[in-house]
Every structure is written in C-alpha cells, then in structure tokens.
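In: got a predicted structure plus its sequence, pasted below:
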Amino acid sequence: MTCAPAADDAGAGRRRFLAPPRDQVDRRCFEQRIFSGFAGYAELLQGADWPDIAALNAHLAVQGKHFVVQDDALLGDGLHYEQRVAQGRIATRAQNWHDLFNALVWARYPAIKCALNAQQCLHIAAMGTAQRNRAQAALTQFDESGVIVRVRDPALLSAWDRHDWMTLFDPRSWQQGDIAVCAVIGHALLEQALLPGRLLVGKCIVVLGEGAAACVARVAAAIGEGRVLAEPSELRPLPLAGIPGWHAPQDAAFYQLRDYFRPLREGRTYPSVLSPGS
C-alpha cells in the first residue's frame with residue numbers, strides 16, 4: 001500500500017504521479033467506489049482507444065464550454081489556462097488521464113468547475129499571472145483533490161475535528177447515512193486511483209444535512225460567492241481508504257497507520273461547515 005495524498009501544483013518538491021498507459025490499466029479498478037459518480041462514462045474510460053477531442057465534445061456536453069487540443073498554437077496565445085476556460089475553451093492534452101478526468105468532472109459537476117474558474121480569474125486579474133495567493137492555492141487544491149461530504153450528525157464533525165478516525169469511520173454512521181461522500185471533484189484523485197491500493201487523501205468541503213444534489217449546489221454557490229476557499233487550511237483532510245467499503249482490509253491494525261490516519265497537529269482547527277442557512 002502506498003500512502004499518497006493527492007498532489008497540488010504548489011507541492012514543488014513532490015515527485016509527480018505518473019499514470020499507467022491506457023493499455024496497462026486493469027479495468028477492474030473502475031469498480032472502486034471513488035469512481036461511482038462517473039459510471040456513465042465507462043466508454044470513455046474503458047474503451048481500447050483514447051477518446052479524441054471530437055469524442056469528448058460529443059459525449060460531454062458542457063454549456064458554454066468546449067474542449068480544445070492543448071498544443072503549441074494554443075499555448076502561444078499568451079493567456080493563462082483559466083482565462084481560456086473563461087472564454088469557453090478547456091485546454092486538453094491528448095491521451096492524458098489527468099485531463100480526461102478533468103473533462104469528466106466538467107461534465108458531471110459543471111457548476112463547481114465554473115465557480116472555481118470564475119474565482120481563479122478574479123485572482124489572476126488582481127495578481128497577474130506571475131504570482132499566486134493563498135486563495136488560488138486553496139482553489140487549486142480543491143480542484144485537484146476535492147471531495148464534497150455531507151454530514152447529518154454533528155457528533156461526527158466533532159470526531160473529525162479531533163482526528164478521531166475510529167469514530168468518524170464507524171461503519172454504522174456511513175450505512176445509516178449520517179455521513180456520505182456526495183461528490184469527488186478532484187481529478188488528480190481519480191487519476192491516482194488508476195493504481196488500486198494507493199492511500200489517497202481528499203481535501204473536503206462539508207455540508208450539514210442535505211441530499212447530494214443540494215449539497216453540490218450549495219458548495220458551488222459558496223465558491224462562486226467567495227465564501228469558501230480563501231485558505232488551503234479550510235479544507236478538511238479525509239483519508240478516503242478509511243471509508244467503510246473503500247479499501248480492504250479495514251481491520252483495527254489498518255486504522256493504526258499513523259502516516260495515513262494522522263493525529264491532529266497542535267493548533268490545527270477547521271472552519272464551520274456549510275449549513276442550509278449559510
């Protein structure tokens with residue numbers, strides 16, 4: 001097992017994850033729970049051949065956006081990636097898992113992606129392209145590694161605040177719906193899951209007490225209004241392999257892996273979650 005928190009582009013010292021070639025991916029990996037929200041895209045993920053840009057645009061309709069080949073001609077326009085997206089052009093590298101998963105998230109959760117892009121463009125307009133602020137780092141971390149979690153039992157938030165992982169991952173809480181993953185947003189997480197057994201960590205925004213669709217809509221609104229993701233520290237880490245049914249084995253010894261289920265760092269606190277009235 002490899003402990004592999006999803007990387008963000010601020011992680012300058014990290015070795016970049018190299019996804020396996022398409023013909024070397026075991027198609028059974030897509031049975032993992034992390035891919036459950038993308039079951040409708042099996043043809044694009046599991047077909048023998050890479051989908052080209054025309055296929056992406058045909059299968060993944062995103063209002064006001066289209067996928068374009070990222071080549072030297074495109075990059076020569078002098079624009080930032082996010083500025084092109086704002087113009088409706090999502091630059092996409094050919095035969096690239098990372099960009100394919102990005103395209104799938106655009107199709108599945110367009111309101112989230114549009115909100116992230118709008119906020120990035122506001123910061124680029126204020127900062128220029130040579131500098132990045134803390135909010136841009138937070139937006140990027142959520143884009144790459146983000147997970148939206150819905151919680152109904154406030155006691156679970158208290159356990160999460162303390163990094164009391166055994167309480168947070170009590171199977172009864174997940175089976176009863178007291179806590180649930182509503183959406184996996186991070187396309188870097190999806191890319192890394194091509195190699196089953198990696199111990200991935202999601203960076204979470206949490207909503208209190210709503211269904212999945214309402215939860216995603218509330219997060220999109222909060223991002224678009226600039227009420228969340230001002231700082232990377234707002235994001236709650238969630239060791240995804242600890243979720244009941246997301247990894248095997250999940251015995252008591254597994255939950256004692258301190259390099260993965262990390263204790264709370266002194267002074268670390270988390271912000272309030274989004275609630276129906278917020």
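Out: Sure, I can see it.
In: what ranges do the strands span in the stretch 51-200 of the chain?
Out: Applying DSSP state E, counting those that start in this stretch to the stretch 51-200 of the chain gives strands spanning 66-69, 89-92, 146-151, 179-184, 198-199.
In: can you tell which of those strands is closest to residue 53?
Out: Closest approach to residue 53 among these (Cβ to Cβ): strand 66-69, 5.3 Å. Where C-beta positions appear, they are placed from N, C-alpha and C, glycine not excepted.
In: do a quick rundown of the helices in the stretch 1-150 of the chain.
Out: 42-46, 53-59, 72-75, 81-86, 97-108, 110-127, 134-145 (DSSP state H, counting those that start in this stretch).
In: got CSV for those helices, with mean neighbour count and mean pLDDT too?
Out: Formatted as CSV, these follow (neighbours: other Cβ atoms under 10 Å; pLDDT from 0 to 100):
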stretch, mean neighbour count, mean pLDDT
helix 42-46, 15, 97
helix 53-59, 15, 97
helix 72-75, 10, 94
helix 81-86, 19, 98
helix 97-108, 22, 98
helix 110-127, 18, 97
helix 134-145, 22, 98
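In: which of the ones you listed sits closest to residue 188?
Out: Going by Cβ to Cβ, the one of these nearest residue 188 is helix 134-145, 4.0 Å.
In: go ahead and flag the most central residue of the protein.
Out: residue 186 (1.8 Å; Cα atoms, centre = their mean).
In: quick one: that residue from residue 145, how far?
Out: To residue 145, residue 186 is 4 Å away according to Cβ to Cβ, to the nearest Å.
In: tally of neighbours for residue 225?
Out: By other Cβ atoms under 10 Å, the residues close to residue 225 number 10.
In: still on that earlier bit, and the strands of the stretch 51-200 of the chain, which is most packed in?
Out: strand 146-151 (a mean of 25; mean count of other Cβ atoms under 10 Å).
In: now that one: how far from the chain's centre is it?
Out: Relative to the chain's own centre, strand 146-151 is displaced by 10 Å; criterion: Cα atoms, centre = their mean, to the nearest Å.
In: which residues touch that strand?
Out: For strand 146-151, the surrounding residues in contact (Cβ atoms under 8 Å, 6 or more residues apart in numbering) are 157, 178-186, 189, 202-212, 215-216, 219, 235-236, 238, 240, 273.
In: what's the distance between residue 40 and residue 107?
Out: Residue 40 is 9 Å from residue 107, where distance means Cβ to Cβ.
In: show me the contacts for the residue lying closest to residue 209 once chain neighbours are set aside.
Out: Among residues not flanking residue 209 along the chain, residue 152 sits closest, at 5.0 Å (Cβ to Cβ, 6 or more residues apart in numbering). The contact partners of residue 152, by Cβ under 8 Å, 6+ apart, come to 177-179, 208-209.
In: now do residue 251
Out: By Cβ under 8 Å, 6+ apart, residue 251 has no neighbours at all.
In: and the pLDDT at it?
Out: For residue 251, the pLDDT comes out at 95.
In: ok, back up a step: now the strands of the stretch 51-200 of the chain as a markdown table including mean pLDDT and distance to residue 80?
Out: A markdown table is the format used below for the strands of the stretch 51-200 of the chain (pLDDT from 0 to 100; distance: least, Cβ to Cβ, whole Å):
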| stretch | mean pLDDT | distance to residue 80 |
| --- | --- | --- |
| strand 66-69 | 98 | 15 |
| strand 89-92 | 98 | 10 |
| strand 146-151 | 98 | 20 |
| strand 179-184 | 98 | 26 |
| strand 198-199 | 96 | 30 |
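In: residue 168 is nearest to which of these?
Out: Residue 168 lies closest to strand 179-184 among the strands of the stretch 51-200 of the chain, at 7.5 Å (Cβ to Cβ).
In: now that closest one against helix 97-108, angle please.
Out: Angle, strand 179-184 to helix 97-108, by axes from the mean of the first three to the mean of the last three Cα atoms, to 10 degrees: 110 degrees.
In: host element of residue 204?
Out: strand 201-208 (DSSP states H and E).
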